[in-house]
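Novice: model the structure of this input:
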Amino acid sequence: MKTVYTCLFFCFFAILWSGNSFSQLIPHNDQKIIDAVDSNMYYRNELTGYRIQLAFDSEKSTIDSLRIKFATVYPKIETYVTFEAPYFNFMVGDFRTEIEAEELKRKIIGGYPLTVIHRTKIKLPRID
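Specialist: Numbering: from 1, shown residues only. Okay, the predicted model is just below:
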């Protein structure tokens, strides 16, 4: 009787490990989940926040000189230059709140052609 149970035990595991449908899992990929994960990859490092616009001009050289001037005084604050025809826009900072942006605005007001706070998509702020 003991040999019958032993034989059945080995036969059962031989069937399981033989590659039958018992041992194979087929994943189901829902297209809605795949699309949601893909769209989340784009927005993962962005959130809604504030930047300060310091200038806009049709001459990129003017914007570049202002950018260098700002970066030498505030090296840890990110600077951004975008082009919206026919002007180049110079913006600084990645502020989560308007109060943070307002603090920098008070420090630099009068040193640049503009100091306008804009609500926009920002990158995650630096932690150093």
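Novice: would you map the strands across the protein?
Specialist: Secondary structure of the chain (DSSP state E): strands at 46-57, 79-84, 87-95, 116-123.
Novice: got the angle between the first one and strand 79-84?
Specialist: It refers to strand 46-57. Interaxial angle of strand 46-57 relative to strand 79-84 (axes from the mean of the first three to the mean of the last three C-alpha atoms, to 10 degrees): 70 degrees.
Novice: what average pLDDT does strand 46-57 get?
Specialist: Mean per-residue pLDDT for strand 46-57: 92.
Novice: same deal with the shortest one?
Specialist: Mean pLDDT, computed over strand 79-84, is 93.
Novice: buried residues in that strand?
Specialist: Neighbour-count burial for strand 79-84 flags 79, 80 (criterion: 16 or more other C-beta atoms under 10 Å). Every C-beta, even on glycine, is put in place using the N, C-alpha and C of the backbone.
Novice: same check on the longest one?
Specialist: Using 16+ other C-beta under 10 Å as the test for burial, strand 46-57 gives 49, 50, 51, 52, 53, 54, 55, 56.
Novice: what's next to stretch 110-120, contact-wise?
Specialist: Contacts with stretch 110-120, where a contact means C-beta atoms under 8 Å, 6 or more residues apart in numbering, come from 48-56, 66, 70, 91, 98, 101-102, 105, 108-109.
Novice: enumerate the positions of it that are buried.
Specialist: Applying 16+ other C-beta under 10 Å to stretch 110-120 flags 112, 115, 117 as buried.
Novice: pLDDT (mean, whole number) over that stretch?
Specialist: What stretch 110-120 shows for mean pLDDT is 92.
Novice: OK, contacts around the most centrally placed residue in the chain?
Specialist: In the chain, the centroid-proximal residue (C-alpha atoms, centre = their mean) is residue 45; its distance is 1.4 Å. Neighbouring residues of residue 45 by C-beta under 8 Å, 6+ apart: 123, 124.
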